[in-house]
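Undergrad: need a structure here:
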Amino acid sequence: MGFGDLKAPSGLKVLNDFLSDRSYIEGHVPSQADVAVFEAITAPPPTNLCHALRWFNHIKSYQSQKNSLPGVKKPLGQYGPAAVGDSTAAVTQKAAAAAADDDDDDVDLFGSDEEEDAEAARLKEARVAAYAAKKANKPTLIAKSSILLDVKPWDDETDMAKLEECVRSIQMEGLVWGQSKLVPVGYGIKKLQINCVVEDDKVGTDILEEHISAFEDFVQSMDVAAFNKI
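TA: Residues are numbered from 1 along each chain as shown. Here you go, the predicted structure:
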């Protein structure tokens, strides 16, 4: 169940695969789930496990405020691939309990006027329908930007294919990676020039720089070459 032994390569490999399409252990923000898994790891994951390393470096930056992160820390075995089914089962159980509570609420212990209850229900449904119609007709504008990044390696011996793989391993809500190319900068060194589209209220250049610079075995620095609102 879960990730297994996170002090062993096998456990870190499971963690890396689990984070290949996730930014966090649970949900879309750092939480006590991330703290629990982070504390089970004794050293940063190796660079070939780029998803796990990206996550590790990101959660490490929250260690000074880890106690204020949301959620309740659970046993380590409840997190990971096998825990997905457990979470689904828990949600199902909660839904069943809520339905049972609703059934209990339907029992009128005080003999309330049924006609008044029916009228109140009709008014509530009418208000909900009116609100839904108003919301559906209101256009939602999502501000986006196109950003061109220059990612510079340490030297001409840096594995640029691995560098790009690490950069593209950064996945978060509101971020879409685009085309890339290698651009010569001199002395046989090439930089990675890569485009991405971001939702402005979810992803900023400071977050991108923090995540990309975390791959310090490959990345010397990151600069914004172009920034355009869409």
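Undergrad: Run a quick neighbour tally on residue 51.
TA: Using other CB atoms under 10 Å, residue 51 has 21 neighbouring residues. For every residue, glycine as well, the C-beta is placed using N, CA and C.
Undergrad: all strands of this protein, in order?
TA: Remark: strands assigned in the chain by DSSP state E are 144-153, 175-186, 189-199, 219-229.
Undergrad: out of these, nearest to residue 169?
TA: Nearest to residue 169, of all the strands of the chain, is strand 175-186, at 9.8 Å by CB to CB.
Undergrad: which ones are touching the residue nearest to residue 169 when sequence neighbours are not counted?
TA: Excluding its sequence neighbours, the residue lying closest to residue 169 (CB to CB, 6 or more residues apart in numbering) is residue 50, at 4.3 Å. Residue 50 is in contact with 16, 165, 166, 169, 215, counting by CB atoms under 8 Å, 6 or more residues apart in numbering.
Undergrad: how about a cut-off of 10 Å?
TA: 16, 19-20, 162-163, 165-170, 214-215, 218 (CB atoms under 10 Å, 6 or more residues apart in numbering).
Undergrad: ditto for residue 48
TA: Applying CB under 10 Å, 6+ apart to residue 48 gives the contacts 13, 16, 162, 165, 166.
Undergrad: would you turn the residues you listed into TSV with pLDDT, neighbour count and distance to residue 125?
TA: Output for those, formatted as TSV (pLDDT from 0 to 100; neighbours: other CB atoms under 10 Å; distance: CB to CB, whole Å):
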residue	pLDDT	neighbour count	distance to residue 125
13	93	16	52
16	93	21	49
162	95	16	58
165	95	14	53
166	96	25	52
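Undergrad: just those now: which is nearest residue 206?
TA: The closest of these to residue 206 turns out to be residue 166 (CB to CB; 18.5 Å).
Undergrad: Please verify my assumption that that closest one contacts residue 222.
TA: No - the pair residue 166 and residue 222 does not pass the contact test of CB atoms under 10 Å, sitting 11.8 Å apart.
Undergrad: and the residue lying closest to residue 192 once chain neighbours are set aside, how far is that from residue 21?
TA: For residue 192, ignoring the flanking residues on the chain, the nearest one in space by CB to CB, 6+ apart is residue 151 at 4.2 Å. According to CB to CB, to the nearest Å, residue 151 and residue 21 sit 22 Å apart.
Undergrad: These two - which one has more neighbours?
TA: Between residue 151 and residue 21, residue 151 has the larger neighbour count (other CB under 10 Å), namely 26 against 8.
Undergrad: Just the buried ones out of the contacts of residue 50, please.
TA: In the contacts of residue 50, burial by neighbour count holds for 16, 19, 162, 163, 166, 167, 169, 170, 214, 215, 218, counting by 16 or more other CB atoms under 10 Å.
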